[in-house]
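Colleague: I'll drop the sequence and a predicted model, then ask my questions.
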Amino acid sequence: MKNYTDKDVISILENNFISQLSNTEYGKMIQCAAEEYIEHRVNQIAGEPILVNVTDSKELMEEFHYQNNGPGFDRLTKNGKKIQIKFRQVDGNTPYTRQTHFSNTRRHSKKNKGNGDQTGMIAYRNDEFDFVLVILCHIKDGVRKNYKEWSFSLIPVDELVDVNNSPFLLASIPSDRLYKYKCDDIYMLTTKLKEL
């Protein structure tokens, strides 16, 4: 059960110290707060719980054997679709013009044996989640966009399978996929999530 408020999450997104960190450190600090913020705003805009945090429910945690993100997804939709959420900072003309890193940093384990670790990073499998939600923080002229100006891409997992290494997913999400499934604002994202 949460022991914090939405204001606590916003205070992280607006924190002056965090905002001045390098891109790598900023991304690490913002990931969890970004997930919480998106869940709250989507549900607020929709007027109903569209996104559910599995860790908020003992029953769901048991159902999905959820421990340290073991199942490989971050949120469930109201219809049971599994969503993996990635926060990425991107430069370029638009938030969708550059590919984004996608491998994860899980340590080598029985689950990840074989071709899932060809690059030294661990590739996701196509059965871990149904969609990846990429939160795109656009950096334009060296300035990061505010969280209220983030863009999004909600990509079906089938679009990310590495044809040369199936059932594993690509190590980077190509810019054409980001663009194809783009949501220019949180309202568009909410509409798409409601349709899942």
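Modeller: That came in fine, so what should we check first? Remember, it's a predicted structure, so these values are computed and weren't measured experimentally.

Colleague: Grab the nearest non-local neighbour of residue 132.
Modeller: Distances taken as CB to CB, 6 or more residues apart in numbering put residue 84 closest to residue 132, at 4.7 Å, once the chain neighbours are dropped. C-betas here are computed from N, CA, C, even on glycine.

Colleague: Can you read off the pLDDT for that neighbour?
Modeller: Looking at residue 84, its pLDDT is 94.

Colleague: Residue 60 now?
Modeller: As predicted, residue 60 sits at a pLDDT of 77.

Colleague: Secondary structure class of it, three-state.
Modeller: Applying DSSP: H, G, I helix; E, B strand; the rest coil to residue 60 yields a three-state assignment of helix.

Colleague: Can I get the host helix or strand of residue 139 in PDB? Just the C-alpha atoms.
Modeller: In the assignment (DSSP states H and E), residue 139 maps to strand 131-140. The C-alpha trace of strand 131-140 is given here as PDB (Å, rounded to 0.1, in the frame of the first residue of the first chain):
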ATOM      1  CA  PHE A 131       3.000  -3.300 -24.900                       C
ATOM      2  CA  VAL A 132       5.900  -1.100 -24.100                       C
ATOM      3  CA  LEU A 133       5.100   2.500 -23.100                       C
ATOM      4  CA  VAL A 134       8.000   4.800 -23.900                       C
ATOM      5  CA  ILE A 135       7.900   8.100 -22.000                       C
ATOM      6  CA  LEU A 136       9.900  10.500 -24.200                       C
ATOM      7  CA  CYS A 137      11.500  13.500 -22.600                       C
ATOM      8  CA  HIS A 138      12.500  15.600 -25.500                       C
ATOM      9  CA  ILE A 139      15.800  17.500 -25.200                       C
ATOM     10  CA  LYS A 140      15.800  20.500 -27.600                       C
END
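
Colleague: if we can go back for a sec, what distance separates whichever strand or helix holds the residue nearest to residue 132 from the centre of its chain?
Modeller: Following DSSP H and E, the helix or strand that holds residue 84 is strand 82-90. Relative to the centre of its chain, strand 82-90 is centred 2 Å away, using CA atoms, centre = their mean, to the nearest Å.

Colleague: What is that strand packed up against?
Modeller: Packing contacts for strand 82-90, counted by 3 or more CB pairs under 8 Å, 6 or more residues apart in numbering; DSSP states H and E, involve helix 23-46, strand 75-77, strand 100-101, strand 131-140.

Colleague: If we use 7 Å, what do you get?
Modeller: helix 23-46, strand 75-77, strand 131-140 (3 or more CB pairs under 7 Å, 6 or more residues apart in numbering; DSSP states H and E).

Colleague: Give me the spatial nearest neighbour of residue 189, chain neighbours excluded.
Modeller: residue 183 (4.0 Å).

Colleague: so that neighbour makes contact with residue 193?
Modeller: No - applying CB atoms under 7 Å, one finds residue 183 not in contact with residue 193, separated by 9.0 Å.

Colleague: Show me which of the two is the more surrounded one.
Modeller: residue 193 (26 against 20; other CB atoms under 10 Å).
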